[in-house]
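> Mind looking at a prediction? Sequence and model below.
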Amino acid sequence: MKRTIIAGAALGLLALGGFAFTQLSSGVPVEAAHAKVDKIAEFVDEQAKTRLPTIYEITMPFDGRILPIELTEGMPVSQGQVVAQLVPKDVELDIAAAEAAVARLDASISENNDVSVEETTLAQTKQFVESMDRTVDAASERLKAGEARLGYAEKTLGRVQKLAEQNIKSAEELDQAQTQLVERNVEYKQDNLTLRAMEAMQAATALTPTMARQYIDRKRLSGEVLERQKIEAEIHLQEVEQDKQRSIMASPVSGIILERHVTNERPVAAGTVLVSIGDLSQLEVEVDVLSQDVVHIKEGDTVEFMGPAVGKPTAHGTVKTIYPAGFTKVSSLGVEQQRVRVIVQFLPEDLKRLRGERGLGVGYRLDARIFTRSKPEALVVPRSALFRGADDGWQLYVVRDGVARLQPVTVGLMNDERVEIAEGISANDLVVLAPETTLTDGTRVTPVVRD
């Protein structure tokens, strides 16, 4: 009995000692890391793609028939090298037609300027008018003479009638006097009609010099019209001659063929893109950044490129341009986002390596990390150690003497991996990583250090 009591007491003491040892020497296992002085940077991570600042599109200068384009995608071209050409015969025919139009108008102008026939006609009409004037004058004088003869015949008939009543003149002589009066009257009327006809002809003839002058003046006006038509024809000739030069299309830069849009010979409308050319030595990167993040980015910021298209090591560049206007983009989850385009320029040595080793081209997908702020020395801890407290302030757990102590902190620079602690802890303090929600201030822990 006594032995049983002693054995039970010994077992109780052993259990109590074990419990005490457990409480004093072990606790909840947690991952932890030391706060240390190191460099830190804030950055923006986004997907990006390569692009060219300028893609040179060789387009059809005017409607026509294009020759087959032999250059294919990826082929290098030098500045000034012919990359596309219209059918030469078509252009030559257009030039020949334009030259013929100018020559025809030259001939028409020369013909129109020759007024020798019209000048001769004008001189003839003037002479004819003068002749008609003299004819009218003669007819007028003849009418006056006829009028005098008619008056004389009337007087003669009156004398003969008086003498015939006195039987001095015979009846035959009276008849002759009457007949002579009738003849003179008829002659007078004929002369009067002749004069009126001549005057009418004179009036009509007087218009002929005017008509001749008007015809000459009209030829001068026609000459002005022909001269204007010639100017238009010469302008058209200049246009088709310029089209001949434009029909041979050369590369404006040294680069490569990015895309060939037309292959076989066929009619093509003006403005149609034939070939796209780019200079891959000017390759840059386009990053669409959320508007709330882009406000921290400025030109000249350092950028790091990663991803399968880059490989190892990573490549670098600098922010070249930040677009002044944003745009709306729908994310893969269907959420509308306001983004701003940022253009990044590769470092020359990195671009040369990527072009040579990786064959980097236009439209390749990259991962871009734009660094906005950095410090060469700061007290940093892993980002997973931080969490928000009830007052929305930043907190973390510090392991002191095997116990987790809740510690409010003031943070500085922060990224997805690490954060700067401005106040609250010191270098080499051990902080709990990703603390469980069940962890409370004062809990004994067993840290597993993950530095």
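Nice, I can see it.
> Now residue 412. Its backbone dihedrals?
Here is the backbone geometry of residue 412 (degrees, to the nearest 10): phi -120, psi -120.
> What are the phi and psi values at the closest residue to it other than its chain neighbours?
The shortest distance from residue 412 to any non-neighbouring residue, by Cβ to Cβ, 6 or more residues apart in numbering, is to residue 420 (3.5 Å). Yep, even glycine has a C-beta here, placed from its N, CA and C like the rest. Reported as degrees, to the nearest 10, the phi and psi values for residue 420 are phi -90, psi 130.
> Now for this protein: which helix has the highest residue count?
helix 171-246 (DSSP state H).
> Quick check: mean pLDDT of the helix or strand following it?
Once helix 171-246 ends, the next helix or strand along the chain (criterion: DSSP states H and E) is strand 248-250. In this model, strand 248-250 has an average pLDDT of 94.
> Please compute how far strand 248-250 lies from its chain's middle.
19 Å (Cα atoms, centre = their mean, to the nearest Å).
> Residue 363: how many residues sit nearby?
Residue 363 is flanked by 10 other residues according to other Cβ atoms under 10 Å.
> Distance of it relative to residue 52?
10 Å (Cβ to Cβ, to the nearest Å).
> Run a quick neighbour tally on the residue nearest to residue 412.
Should you count by other Cβ under 10 Å, residue 420 turns out to have 20 residues around it.
> Surely it is in contact with residue 377?
No. Using Cβ atoms under 8 Å, residue 420 is not in contact with residue 377; the gap is 10.1 Å.
> Not counting its neighbours along the chain, what's nearest residue 407?
Using Cβ to Cβ, 6+ apart, the nearest residue to residue 407 is residue 398, at 4.8 Å.
> how about the residue nearest the centre of the chain, what does it touch?
Against the mean C-alpha coordinate of the chain, by Cα atoms, centre = their mean, the closest residue is residue 271 at 10.8 Å. Each residue near residue 271 by Cβ atoms under 8 Å, 6 or more residues apart in numbering is listed here: 59-60.
> secondary structure class for it?
At residue 271 the chain is in coil, as set by DSSP: H, G, I helix; E, B strand; the rest coil.
> go on, residue 391?
Residue 391 ends up coil, using three-state DSSP.
> What pLDDT does the model give it?
On the pLDDT scale, residue 391 is placed at 91.
> Pull the number of nearby residues for it.
7.
> How about the contacts made by residue 39?
374-378.
> Given the strand or helix carrying it, what are its sheet partners and their directions?
According to DSSP H and E, residue 39 maps onto strand 36-51. Strand 36-51 has the following strand partners under DSSP bridges: strand 284-290 (antiparallel), strand 365-382 (antiparallel).
> Which SSE is immediately downstream of the longest one?
Pointing back at strand 365-382 there. strand 387-388.
> Give me the distance from that next one to the chain's centre.
Here the centre of strand 387-388 is set off from its chain's centre by 53 Å, with Cα atoms, centre = their mean.
> Contacts for stretch 80-92, please.
58, 64-67, 69, 71, 77, 240, 243-244, 247-251, 257, 262, 265, 274-275, 277.
> hang on, isn't residue 160 packed against residue 173?
Yes. The criterion here is Cβ under 8 Å, and residue 160 meets it with residue 173 at 5.8 Å.
> what about those two, which has more around it?
Comparing residue 160 with residue 173 by other Cβ under 10 Å, the one with more neighbours is residue 160, at 21 against 13.
> so which strand or helix has the more buried one?
helix 116-165.
> Could you do residue 405 as well?
Residue 405 belongs to strand 403-408, assigned by DSSP H and E.
> now residue 194, nearest residue through space, not along the chain?
Using Cβ to Cβ, 6+ apart and skipping the chain neighbours, the partner closest in space to residue 194 is residue 139 (5.2 Å).
> Can you report how many residues lie near that neighbour?
20.
> Now do the contacts for it.
Applying Cβ under 8 Å, 6+ apart, the residues near residue 139 are 191, 194-195, 198.
> What separation is there between it and residue 87?
Between residue 139 and residue 87 the computed distance is 77 Å (Cβ to Cβ).
> pLDDT-wise, which helix or strand of the protein ranks last?
When each helix and strand of the chain is scored by mean pLDDT, DSSP states H and E, helix 2-25 comes last, with a mean of 42.
> For stretch 176-195, which outside residues touch it?
So stretch 176-195 is in contact with 136, 139-140, 142-143, 145-147, 149-150, 152-154, 156-157, 160-161, going by Cβ under 8 Å, 6+ apart.
> Quick one, which of the contacts of stretch 80-92 are buried?
Buried subset of those (neighbour count, 16 or more other Cβ atoms under 10 Å): 58, 64, 66, 69, 71, 77, 240, 243, 247, 249, 251, 257, 262, 274-275, 277.
> so what are the domain limits for the chain?
45-52+284-375, 57-86+247-277, 98-244 (automatic domain parsing).
> Would you convert these into CSV that also reports distance to residue 412?
As requested, the domains of the chain are exported to CSV (distance: least, Cβ to Cβ, whole Å):
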stretch, distance to residue 412
domain 45-52+284-375, 8
domain 57-86+247-277, 46
domain 98-244, 66
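> Of the ones you listed, which is nearest residue 431?
domain 45-52+284-375 (19.0 Å; Cβ to Cβ).
> Span of the closest one from start to end?
Distance between the two ends of domain 45-52+284-375: 19 Å, counting by Cα to Cα, to the nearest Å.
> quick revisit: please determine how far the residue nearest to residue 194 is located from residue 200.
Taking Cβ to Cβ, one finds residue 139 at 11 Å from residue 200.
> got it, and residue 380?
124 Å.
> Neighbour count: those two, which is higher?
residue 380 (24 against 11).
> thinking again about what came up before, mind putting the strands paired with strand 36-51 in a markdown table, distance to residue 169 and mean pLDDT included?
As requested, the strands paired with strand 36-51 are exported to a markdown table (distance: least, Cβ to Cβ, whole Å; pLDDT from 0 to 100):
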| stretch | distance to residue 169 | mean pLDDT |
| --- | --- | --- |
| strand 284-290 | 138 | 96 |
| strand 365-382 | 145 | 95 |
